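[1] Pasting a predicted model and its sequence here:
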Amino acid sequence: MSTLLEYKCPKCGGAIEFDSSSQKMKCPYCDSEFDIEAMKAFDEALNSKPDNMEWNQNTENQWREDELTGMSVYTCESCGGEIICDQNTAASACPYCDNPIVMKGNFAGDLRPDYVIPFKLDKKAAKEAFSNHLKGKKLLPKIFKDENHIDEIKGVYVPFWLFDCDTDSVVHYNGQKIRRWSDSSYNYTETSHFLLKRAGQMSFDHIPVDGSEKMADDLMESIEPFNFSEAVDFQTAYLAGYVADKYDVSSEQSIERANQRVKHSVEEEMMRSTSEFTGVTVRSSQINLTDSKVKYALYPVWVMNTTWHDQKFTFAMNGQTGKFVGNLPMDKGLFWKWFGAVFAIAAVISAIIGFIIM
């Protein structure tokens, strides 16, 4: 199968083509011109190999029989969420869908976590954080605080896959420099375009990827970072009094997200060395991983489900640091009043400026 190659204008993104009259590559949209030799060097620079981002999987740590004593895993028949409780628990409510559940099942055969970060903050701190989260929100309906009902608040040990790796990377960026000057007749602007190359090595430790389908990835990433220096070797005692969700997204399924985070971090970090240029964007990148490892850990999260006007709202708090996130409803009436006030002020300022100029 043949491969199509399309040259893009670094300035406007349009497709450029060879112009016979100038013997150069020319953009028909912004009239920018590029030397053929420059395009040749461009091709050679971008002729990189595909990413090599493979991970070594760790599947050796299994539960020991003594760790299973007194513990059981139960499955919510409504949403499939899995909860770890002591063997004496008979009934409860699912922290994900709030449906009543009857406990059944056992713990045998599940992968044992390598690490756990114990909860540092209690339920009272989570409630206080929720109250503080409502403060200062000018577009929040005034009656939300009074009518909003907390359906469930649970301390949940959320499963995370932790990825370690070293990287050897090459990134190409589009960049530009702008020069402006004037004479007695005209103002001039000269824009020079550059293909920038950056290469180097970086190391990553404990990149977290949420291993639970029930937990939204963006919600879990919003309460980062977790301080891994406080992680300890896993012991079942840390689960007492909390819900623990075993993973239902495997390490293999989590690799794509880990690679995205590595790739984005490499590109952003190397971009820091291009500050002398403007309008810098990533053109291409090649990320090679070495010495990759994957571990399994449980991280502490307070999950709060609330109801207001038959709408469900989910909030989360980092059970180690206290970082609190969650979406809130917006009073549309207040929004349009606020928007109208801002628009009116802007109109008055514009009229005053116009009067002064006249």
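    Alright, I've got the coordinates. A quick note: this is a predicted structure, and the numbers were derived from the prediction, not measured. Numbering: from 1, shown residues only.
[2] Please verify my assumption that Gly211 contacts Val249.
    Yes: between Gly211 and Val249 a contact is recorded at 4.8 Å, counting by CB atoms under 8 Å. Backbone N, C-alpha and C define where each C-beta goes, glycine included.
[3] So for the two, which sits in the more crowded spot?
    Taking other CB atoms under 10 Å, Gly211 and Val249 do not tie; Gly211 has more neighbours (26 against 18).
[4] tell me the helices in the stretch 51-200 of the chain, going along the chain?
    Listed in chain order, the helices of the stretch 51-200 of the chain (DSSP state H, counting those that start in this stretch) span 65-68, 123-134, 144-147.
[5] got it, and the stretch 251-358 of the chain?
    251-271, 332-357.
[6] Quickly, which of those helices bottoms out on average pLDDT?
    Note on the helices of the stretch 251-358 of the chain: helix 332-357 shows the lowest mean pLDDT, a mean of 45.
[7] List the buried residues for stretch 292-302?
    Ser292, Val294, Lys295, Tyr296, Ala297, Leu298, Tyr299, Pro300, Val301, Trp302 (16 or more other CB atoms under 10 Å).
[8] which one among those residues gets closest to Lys26?
    Checking the buried residues of stretch 292-302 against Lys26 with CB to CB, the nearest one is Ser292 at 45.1 Å.
[9] The closest one against Trp55, yeah?
    Yes: using CB under 8 Å, Ser292 is in contact with Trp55, at 4.5 Å.
[10] Overlap of the contact sets of the two?
    Taking CB atoms under 8 Å, 6 or more residues apart in numbering as the contact rule, Ser292 and Trp55 both touch Phe163, Cys165.
[11] for this protein, what are the low-confidence residue spans?
    1-8, 10-15, 18, 20-21, 36-49, 58-79, 81-111, 136-151, 328-358 (pLDDT under 70).
[12] State which strand of it is the longest.
    If you go by DSSP state E, the chain has its longest strand at strand 149-182.
[13] That one pairs with which strands, parallel or anti?
    Applying DSSP bridges, strand 149-182 is found paired with strand 187-210 (antiparallel), strand 243-244 (parallel), strand 278-308 (antiparallel).
[14] tell me how far the ends of stretch 303-317 are from each other?
    Stretch 303-317 has an end-to-end distance of 7 Å (criterion: CA to CA, to the nearest Å).
[15] Outline the domain layout of this protein.
    Domain ranges of the chain: 1-47, 50-327, 333-358, per automatic domain parsing.
[16] give the contact list for the residue nearest to Asn52 when sequence neighbours are not counted.
    Here the nearest residue to Asn52 in space, its sequence neighbours aside, is Asn288; by CB to CB, 6 or more residues apart in numbering that works out to 4.5 Å. Neighbour list for Asn288: Asp51, Asn52, Met53, Thr167, Asp168, Ser169 [criterion: CB under 8 Å, 6+ apart].
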